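Engineer: everything below, folded, please.
(one chain, ligands or ions: 2)
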Amino acid sequence: MFEYLQKNLDKAFHILKGNSKITEINIAETLKEIRIALIDADVHHQIAKEFVNKVKEKYIGKKVLSSLHPSQLIIKLMYDELVMMMGKTNREISFSQKKNKPTIILTCGLQGCGKTSFSAKLAFYLKNKKYKNPLLVAADTHRAAAVDQLEILAKKINIPIFKERNNSVDIVKNSMLYSIHNNLDVIIIDTAGRLAVDQIMMDEIQKIHHISNPDETLFIVDSMTGQDAINTTKAFYKVLNFDGIVITKLDGDSKGGVAITISSLIGKPIKFISNGEKPNDIELFYPERIANRILGMGDIVSLVEKVQEQFNEEKTKKIYNKISSNRFDFEDLLNQIQKIKKIGNIKNILSMLPGMEILLNNQKSKQNSFKEIESMILSMTIYERRNPKLLFEISRKKRIAMGSGRNIIDLDRFIQQFEKINKIMKNLNANSSHQQIIKNFLSKMME
Ligand SMILES: Nc1nc2c(ncn2[C@@H]2O[C@H](COP(=O)(O)OP(=O)(O)OP(=O)(O)O)[C@@H](O)[C@H]2O)c(=O)[nH]1
Ligand SMILES: [Mg+2]
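Structural biologist: Ligands and ions are numbered 1, 2, ... in the order given. Now for the predicted structure:
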């Protein structure tokens, strides 16, 4: 799913990743590549243009304040825009709130878009995940084999089916009575496909809609049909006010553009996506998860969010002021370690802070080494933490080592490490602004 777009976007980000010196020119080049990648993935060119413009505006607004690497910032901004465009959050299916009235779900869409398969998948999903008792209703009377197809699928997943020789409107009417008599609480109506939005078929679906008064009308769209899918959805929406969209065949060669843009263009949420032919190839649509998949960099997005949370500009400035005036102490180190621990075990995370990797040299387990150091600092008095020089006194060392369950050798090694870190940070600080230092270290994560 979305591999095609993912690959092209990755190429676009590479322009920035490879450049230690980021210029306005390579930012512009990256944004252009992003636009091309979106258009290539079936996103309408006007939407792709607007999308990139929004990212660019926000980038310009944020870059001065940000201590992030430009490619990380752009990925994060793109992520936010994608989520927004895809409808922000997942919209649950609406169930009937009335007692003794089953939930009615009506499917509609063009021929071959995947209505029948989706009806079965949805029944399977509702039975297993929502503990419902669904009934599949065979209301496609136009295609000879349609009823058989639904019956075969229903049998496989052990779901009852309602079928009869009748017109589709009466079938639906009768299925409603049947469900009440048989204690079935969800009715999923599989309707006939249409080649295009033609009058006869539209009349029929409107009648079914009227008679069944569905809790949920879902328009099914084949993602492989690209821009056409958007046009037919628009045309269909003029005739039938559906509640949500289902995107199918996202497993094939689909480029994914439909899934990204349809919701904002039609003003209706995507509720499910389908990515295969098996009964459980169905997923609730979560814009955030899809954006993560598209960018292929879920880790970076959450990392950037966490880094922004833990290392905001003001706090970082404070710590660098302390370093430059020789006032970086054990308490500051403890603070930094605790922040890193909050961010988690992400590769190269340590390189965000100058000199921190020294703490980990010759240590078997990163987490343990942090724990050891933390316990040694926590065994110091606040006064000692703020005045590292006091730790030359042997009586203090003995007390701290004992309090932390370590020995004097461990403590001496840690004090040496601390001095080394301090030196490295001071050297870095002498040659560059604190902004630059953080940017450099953050950029290491992208390597
Ligand atoms: N790979 C893949 N195939 C799918 C998916 N959904 C449906 N199909 C296949 O697409 C074909 C058409 O699916 P149907 O469910 O019969 O479509 P329909 O909308 O009911 O078709 P009509 O009733 O003729 O309008 C079938 O061969 C399905 O197996 C999907 O998500 N991925
Ligand atoms: Mg069908």
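Engineer: who in the stretch 1-150 of the chain is up against ligand 1?
Structural biologist: Applying CB under 6 Å from any ligand atom, we find that the stretch 1-150 of the chain lies next to ligand 1 at 109, 111-117, 140, 143, 146. The C-beta positions use only the backbone N, C-alpha and C, and glycine is treated the same way.
Engineer: ignore the last one, the stretch 201-350 of the chain
Structural biologist: Residues of the stretch 201-350 of the chain lying near ligand 1 (CB under 6 Å from any ligand atom): 248-249, 251-252, 274-277, 281.
Engineer: just the closest of the residues you listed to ligand 2, please.
Structural biologist: Nearest to ligand 2, judged by CB to the ion, of these is residue 248 at 11.6 Å.
Engineer: pLDDT below threshold where in the stretch 151-300 of the chain?
Structural biologist: In the predicted model of the stretch 151-300 of the chain, residues 296-300 satisfy pLDDT under 70.
Engineer: what about the helices in it?
Structural biologist: Applying DSSP state H, counting those that start in this stretch to the stretch 151-300 of the chain gives helices spanning 168-181, 199-212, 227-239, 257-266, 287-295, 298-310.
Engineer: repeat for the stretch 1-150 of the chain
Structural biologist: Remark: helices assigned in the stretch 1-150 of the chain by DSSP H, counting those that start in this stretch are 3-17, 24-40, 45-63, 70-85, 115-129, 146-157.
Engineer: select, out of those, the one closest to residue 244.
Structural biologist: Closest approach to residue 244 among the helices of the stretch 1-150 of the chain is made by helix 115-129 (11.5 Å; CB to CB).
Engineer: what's the closest one in contact with?
Structural biologist: If you take CB atoms under 8 Å, 6 or more residues apart in numbering as the criterion, helix 115-129 is touched by 105, 107-109, 132-134, 136, 140, 146, 149-150, 153-154, 156-157, 159, 186, 188-191, 193, 218, 220, 246, 248, 272, 274, 277, 279-282.
Engineer: mind listing what's buried in it?
Structural biologist: 115-127 (16 or more other CB atoms under 10 Å).
Engineer: go on, stretch 100-113?
Structural biologist: Buried residues in stretch 100-113 (16+ other CB under 10 Å): 102-110, 113.
Engineer: what's the answer for stretch 48-57, then?
Structural biologist: Buried, per 16+ other CB under 10 Å, within stretch 48-57: 48, 51-52, 54-56.
Engineer: need those residues in a markdown table with pLDDT and distance to ligand 2, can you?
Structural biologist: Shown next, in a markdown table, are these (pLDDT from 0 to 100; distance: CB to the ion, whole Å):
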| residue | pLDDT | distance to ligand 2 |
| --- | --- | --- |
| 48 | 93 | 33 |
| 51 | 94 | 34 |
| 52 | 94 | 39 |
| 54 | 93 | 39 |
| 55 | 92 | 40 |
| 56 | 90 | 44 |
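Engineer: list just the nearest of the residues you listed to ligand 1.
Structural biologist: Closest approach between the buried residues of stretch 48-57 and ligand 1, by CB to the nearest ligand atom: residue 48, at 25.1 Å.
Engineer: list the residues that contact that closest one.
Structural biologist: Per CB under 8 Å, 6+ apart, neighbours of residue 48: 35, 38-39.
Engineer: could you pick out the buried ones from the residues you listed?
Structural biologist: For those, a neighbour count by 16+ other CB under 10 Å gives the buried set as 35, 38-39.
Engineer: which one of those residues is nearest to ligand 1?
Structural biologist: The shortest gap between ligand 1 and any of the buried ones among the contacts of residue 48 belongs to residue 38, at 22.6 Å (CB to the nearest ligand atom).
Engineer: the closest one and residue 55 touch, don't they?
Structural biologist: No - using CB atoms under 8 Å, residue 38 is not in contact with residue 55; the gap is 10.7 Å.
Engineer: same list, the helices of the stretch 1-150 of the chain, but as a markdown table with distance to residue 287 please.
Structural biologist: Below are these laid out as a markdown table (distance: least, CB to CB, whole Å):
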| stretch | distance to residue 287 |
| --- | --- |
| helix 3-17 | 15 |
| helix 24-40 | 16 |
| helix 45-63 | 14 |
| helix 70-85 | 5 |
| helix 115-129 | 19 |
| helix 146-157 | 28 |
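Engineer: where does the stretch 201-350 of the chain get nearest to ligand 1, which residue?
Structural biologist: Of all residues in the stretch 201-350 of the chain, residue 274 sits closest to ligand 1, at 3.6 Å by CB to the nearest ligand atom.
Engineer: and the gap between that residue and residue 223?
Structural biologist: According to CB to CB, to the nearest Å, residue 274 and residue 223 sit 9 Å apart.
Engineer: coming back round to it: near ligand 2 too, which of the contacts of residue 48?
Structural biologist: Filtering the contacts of residue 48 for proximity to ligand 2 by CB under 5 Å from the ion leaves nothing.
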